[in-house]
Structure formats: structure tokens, C-alpha cells
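**Student:** Show me how the following folds:
(3 chains)
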Amino acid sequence: MSELLAVGRYEFRMQVRKRSLWLAMLLLAAVIALTQGDRGPRYTEAGAPAREVMAGWALLFGIVVPIGFGMVLADRLVRDRRLGTTALLESLPVGPRVLLAGKYLGGLASSALPGLLAMLVAGGYETVHRGDPLMLAWAVLAFGLIMLPGLAFVAGFALVSPLVISAPLFRVLFVGYWFWGNMLPPEFLPSLSGTLLSPIGDYPVSWLIGETALYAGVPGWLSFLRPAPSGVSVLVSVVLLVLVGLLPLVVAGTVFSRQRRTA
Amino acid sequence: MDIQTTGLSRRFGKVTALHSVDLSVPGGMYGLLGANGAGKTTLMRILAGVLPPGGGEVRVGGHDLTTGAGRTAVQRRLGYLPQDLGLYPDLTPREFLDYVGLLKGLDDTRARRQQVDELLELVALSEVAGRRMKGFSGGMRRRVGIAQALLGDPALIVVDEPTAGLDPEERVRFRSLLAGLAGHRTVLLSTHIVEDVAQTCQHAAVMAGGRVVYTGTVPDLVRMGEGATWEVVTTTGAPPPVGVVVSAISRTDGTHYRVISSTAPGAHAVPAAPSLEDGYVALMQRAPAQ
Amino acid sequence: MPTHRLPLWRYESRRAGWAARAAPPAALLVTLVMALLTASGGAGHDQVGQLLLTGLEAILPLAVGMAAVTIVARDGCRELQLSLPARYAGTLGRRLGVLALVGAACAVAFTAGVWLSGWWAGPNILASPLVWAPPMLWLTGLTVLLGMLGRSVVLATSVVSALWLGEQLFAGSFVALDWTRPFFLFTTSRVGVGEGWLTNRLALVGSGLLFVAVVVLLLRRPHLLLTEEEE
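**Tutor:** You can find the predicted model right below:
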């Protein structure tokens, strides 16, 4: 356990010092916050509850912030090979599964930090703007319920996929996937948008605001993954996102362990 | 191909890597010694046209390196082996040399291929010429590096820390190879390994803190240690209280220390004949604090 | 091109990397799969045609831009390259040229296939390069420029991806404003080939060339690329 925490802590430290992590994610958050489109949280009515307002902000940031998140993490394991640290890490008495898990946790924590900061800034703004002290608390809650499960889902794939298909190819496919799997109307073509596996947080937001945020539950492909938004479906969505995000790590961990045994 | 620098300086942000460097390098093998961070690599990069100088004058073979035309003219007659030579791992040594040859303007395919084969033979890589370089040892990579530097029969060869990380046998082989090249060329060898210079160069310069603190012959540099090199034997195991310890060997009668100090480091200290390393350390002791 | 330079192009093609060479066909392959899924879901002819056009105008340029920034950002032998008499800008130009060639060849083949199979929903076939070439030039130029200025692949790819996504999501807002309309990347697939289409294409080509010109200017000081890329 202490090894896992040590790997995670140092991965966190390395990542959090990256200028590009902060620049990319805060720039994206600032641009989307200022532009918003015609359905952004700025258009939420004056007396709306904090839960509704901050869920709107989380959905808004969820459109682009995970893009920066995926781009940052796409390099992490590939980078170890490029810098020649793989051999050093393999020589340590720590198993590849622990290394991978530590990198996952550290990477997730550090890359999620700018997202949390963006939510806190939005919460602070809304506290002053709407005079509701609950905004900050809901900023944290909305981050944990809406953004974090999606980021955990993305982190697993962003860490492992580039090892197979290379970082540049992953980045292209990731942007395409993010659009297809979250924002494309399900009636346009078969997609994962509006399902329990939509990492943008469609289900939690729809549940918190009491109406369909994007396409949660809208009929479409894989109908068994499209229940009506409710507390239970939100819980199922969160658990599913986290578990499916862990799948690539489990596969990679097994492959790495086998490689080390046969090396 | 001679090298002349006058008042050469270079800054990186707030850090000054070179302070008004004046250096004159004639033909033959020339050593450039200095600790890590002394400014050697910056100087090498400027001489190779990789970095533009920040200020001052640099002339190589009469060409002004502060101009684009001058840099290109020097690069046409230059062989450069950088400190961190990354090779393209998917290429074989033969392909890599062929590629660098093309970029050096060796357009005659037959002549280029012949030269590539000759150089592979020279650096004893003919047997692996068709194998991809991924997985090559440090020594093999260095030999590929020197072979590419020799493409086009350059008049000036600049090599930066070429023996760092090599095993003793590879290092000796590499040194001999470099020394053999210096006949009708200028070979500028930058290193922090004093032994490399001792074994190959007649002339050397020493850099510290971005400045040239010594230029002259290698025997003169050795003489810097005269009167400052001592041997002391202690039975307590503790090093002498003054001077810089350059070696310590534990024997049955006590620990034998070799110490560089301007005064005798103890009542029983015995003067010793200096080596190049002793001369270098004595010079560094006398060099003004940076 | 003199024949003795051909081997150099072959080497630079390998230096561009397999990922760069694979990105354009992969992008169009993904488009084809999506179109097949859409068609099998009972979508109409126009909808499938629109999707195929989106692949050409939106997905392919994004793939080329992402691959291009990686080519410029990473070179294991950069210091040695800068010591050679061949200009490094030329070397990078050849590598990017290979990528552009692969992208263009894929686009032409894809267009021909779509046109011959009767799914083409774009402009006159002779004007078809204007569907993909302007956004490809624009996105590639911008990605490479950002990558060089920030010395960070992450920053460049994040900003360009977000811009791409933003233009897709808020297409209406981009088209509604006079000053953003000429620079909207997906006019063919999202608005159609009507009034202002050619102006939009020319504006994209013009601004794309501007990005390329700045990149070329920056490459006159290639030693700036020696600063360690942020890992």
C-alpha cells in the first residue's frame, strides 16, 4: 500500500509541475466559461438552486476540460519509454500493477486539480453573483459527482491506449470519440451519447437539474444503457464509468506482469 | 582549420554560460577540459553552428560564425559529435550514415555508399551495418556517431564528451581512433575526463564558470601541479585537514592520500611528481572563484 | 525534384513516423465505419452523404494537424541535424510534405470513392479539394505554430482540439457572426455550398498560409527548438 501511495504521490508531483497542464486546461475552461453558447449556466434563472447552477457549470466545463486531460495523460507511459526510465522502474521491487495503479491515481489526481479549481472559481463567482453561500459546497459536490467519474474513465484509456496506437493517433481518435460518445444526438447515428457510459456526466447533471441535460435516457442504440435519469441510474453510471475506465489498466497490468515474468 | 574566438559570450535567460571567451585553436588534436557546467558544451555548439553566438567574434577557418553564410561554410567542412547523440533507432548504421551523407550534400550515390562502407569498416561496425540501431550499446552508438562525423572528410571535427559512459576498453579504442584522425585535421575534444586529454592532446584549454582559465601545452598544465602535489600517510584514516584529496588508498601501514595543496598538508607530507590530473586540480584551486 | 534527392525523401518519410502516415487513412476509415453504422441504422441518403463530407472536411484535417505537431516537436537527432549544412527548415518541410502528400492522396481517393458510389454531397467534383485542403492547411498551420511557440505538444493539441470541438458544437454561433464566419472550418458540411462558401475557403487558405509563414520565420532560428520540450 505504501508503495502504491509513493508511486502515486510522485506521479502527482511530476504532473502538477507541468506548465502545459495548467495552461491548457485553464485556458480551455476560461474560454468555454466566457463563451458558453446559448444554454450555459449564465442563462440559469435568478433564483435557481445552487445544485442546478453548479451542475450546469460542471456540464459546461465537461465539454472541453477532459480534452486537455486526455492530451496530458496520453504521454505518461509512452514518455517513460522515451526517457529510458522504464528499465529503471522495472528494476524496482514494485510490481507493474502497483506502478500502473500509482501512475493512474497520481495522474488522475493531478490532472483533475485544474478542473476542481475551475469549478471553485465558478462557485466563487456564483456565490458573489447570486448571494448563495451553498454555491461553493455544490461546486465541490458537482465536481465529484459529474466531472470526476468521467475523468477517471478517460484516465484509464488515455494512459494505456497510446502504448498500442501511439500518442498522436490516440489524440485524434480521442477528440473524435469525445464528440461522438457525448455530444452527438443519438438519433443521428449509433453512439454512446446519452448512455450510462457517457463520461461528460449527462446522467448526474440530468438528475440534479431535474430535466434532460443533453441526451440522458433518450431512446437510441444500446437501449439497455439508457434508463431514465434517477438516483439509482446516476449511481450505476458512476460505478460503470469507474470500472470500465479500470479495464485497460487491468489488461495492461496483466500484459506487463507476463512480460516481466518471461523476460 | 583554425578556430579564433574573441570576447565570445552567450547567455540563456539570466544564466551566463560563456563570459568573454578568447581562444585560439591551431590544427591537430586540441583538448578542452572543464567540470560539468563549465560552458564547454555551449562553446562546442557555437563552433558547430548549432547555436548563434550571443556576442563577440568567432572565426573558423576564416569564416565568420556570426553570419548565416559563415555558419553554412563551416558546416560544409565540419564533423560534429554532440554530447547526447540520439540515433534514429529504426535505421541501420548504413542507412543512418547514408542519410547524414545526403544532408551533408554528398549527392553522388556511388561515392557516398563507398564512403559509408569505408567508415563502417574504420569504426569496426561492418558486421552490424545492416542491423537496426535499436539496442546498440553505448560504445557502438558512439562509433556510429564518430563515423557520421567523418562523412565528407571534414577539416574540423568537434567532439563533445565522446567517452562519457564508455567502458575502459571502449574508451581506449575510441581515444586511439580520435588521435589517428588528427593528422591533417583539427580535432577539438571536449571532456571532463582528464585522462582522455593526457593520452591524446599536445595542447589544451581549461574552462571554469564559462571562462577560459588556461590555454597552453599539456606538459605545462602538468607543471601547474609542481610544488603542490603531496603524498601523506595517516594511520587514523582521517584525510589531511588542508588541500584537495585526489586519491586515497588504504594499505597495511595506513591510508595513502594524494593531496593538492599550496602548502604541505602535514608534517610528514612528501612532495610527489604531478600528473595531468594533479596539474588540473591545482589550476582549479588557483582559478578565481566564479 | 532531382533524382538523387529521392532517397532523402524516402528517409524523411520514415522519420515522419508510422503514426503520421497512418493518421489520415485511419481518420477516413473511422468516417467510413460511422457512415456504415448510420446507413445500417436506417439513415437517409443525405444524412450519410453529410457524414462522409464531415470526415473529409473535419476529421481528416484534425488528424493531419495532430500528426504534424508531433513531427515538429520530436527529433532524436536534432542537435546533429542543426550542425549539418542542410537547412533544418527544409528537413522538417520534407517530413511535413510527406504527411501532406499522404493526407491529400487519401482525401482524393476517398472523394473519388464517395463520388463514384453516388454518396457525394459536396460541391462540383472539380472543386472538391476545397472541401478538405483549406481546413487541413489552417488546422495544421495553427497546431504547428502553437506547438513551436509553446514548446508543448499537449498545449497545442489541447487548444486545437477544443477549437475543433467548439466549432462543431457552436457552429450556429460561428456562422452567425460576420467576423467569425469566414474562418469557420466546417462550412461545407455544416452550412452547405452556397453564398459565401468560396470566400470562406479563400479566407481559410489565406490565414492558413499566414500561420505557415510565421512557422517558417520561427524556423529561421531553429536552435529555439533545442529547448527541451515539456515532458
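
**Student:** is the helix or strand harbouring A:M25 anywhere near chain C?
**Tutor:** In the assignment (DSSP states H and E), A:M25 maps to helix A:19-35. Yes - against chain C, helix A:19-35 shows contacts by C-beta under 8 Å from any C-beta of the partner chain at A:R19, A:S20, A:L21, A:L23, A:A24, A:M25, A:L27, A:L28, A:V31, A:I32, A:T35. C-beta: built from backbone N, CA, C; applies to glycine.

**Student:** What pLDDT is listed against the closest residue in space to the fourth one that isn't next to it in sequence?
**Tutor:** Counting by C-beta to C-beta, 6 or more residues apart in numbering or on different chains, A:L23 lies nearest to C:L155, which is 5.7 Å off, once chain neighbours are set aside. In the prediction, the pLDDT value recorded for C:L155 is 86.

**Student:** same thing with B:D278?
**Tutor:** Looking at B:D278, the pLDDT reads 91.

**Student:** what about it, which helix or strand?
**Tutor:** Counting by DSSP H and E, B:D278 is found in helix B:276-286.

**Student:** buried set for that helix?
**Tutor:** Of all the residues in helix B:276-286, those buried under the rule 16 or more other C-beta atoms under 10 Å in any protein chain shown are B:L276, B:E277, B:D278, B:G279, B:Y280, B:V281, B:A282, B:L283, B:M284.

**Student:** Switch the residues you listed over to a markdown table; also include distance to C:L145.
**Tutor:** Output for these, formatted as a markdown table (distance: C-beta to C-beta, whole Å):
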| residue | distance to C:L145 |
| --- | --- |
| B:L276 | 51 |
| B:E277 | 51 |
| B:D278 | 55 |
| B:G279 | 52 |
| B:Y280 | 48 |
| B:V281 | 50 |
| B:A282 | 53 |
| B:L283 | 49 |
| B:M284 | 46 |
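
**Student:** how about whichever helix or strand C:Q50 is part of against chain A, any contact?
**Tutor:** C:Q50 is part of helix C:45-54 when elements are defined by DSSP H and E. Yes - judged by C-beta under 8 Å from any C-beta, helix C:45-54 comes into contact with chain A through C:Q47, C:L51.

**Student:** name the helices or strands packed onto whichever helix or strand comes after that helix?
**Tutor:** Using DSSP H and E, the helix or strand that follows helix C:45-54 towards the C-terminus is helix C:60-73. Helices and strands touching helix C:60-73, by 3 or more C-beta pairs under 8 Å, 6 or more residues apart in numbering or on different chains; DSSP states H and E, are helix A:167-178, helix C:6-16, helix C:18-40, helix C:88-116, helix C:129-150, helix C:153-169.

**Student:** What's the local residue count around residue 47?
**Tutor:** All of this is about chain A. 7 (other C-beta atoms under 10 Å in any protein chain shown).

**Student:** right idea, wrong chain: chain B
**Tutor:** Count around B:L47 with other C-beta under 10 Å applied: 28.

**Student:** Find the nearest non-adjacent residue to it, please.
**Tutor:** B:V158 (5.6 Å).

**Student:** Can you tell me which helices and strands the one helix or strand the one you found maps to packs against?
**Tutor:** B:V158 is part of strand B:156-160, with elements assigned from DSSP H and E. Contacts defined by 3+ C-beta pairs under 8 Å, 6+ apart place strand B:156-160 against helix B:40-47, strand B:78-81, helix B:138-150, helix B:168-181, strand B:186-191.
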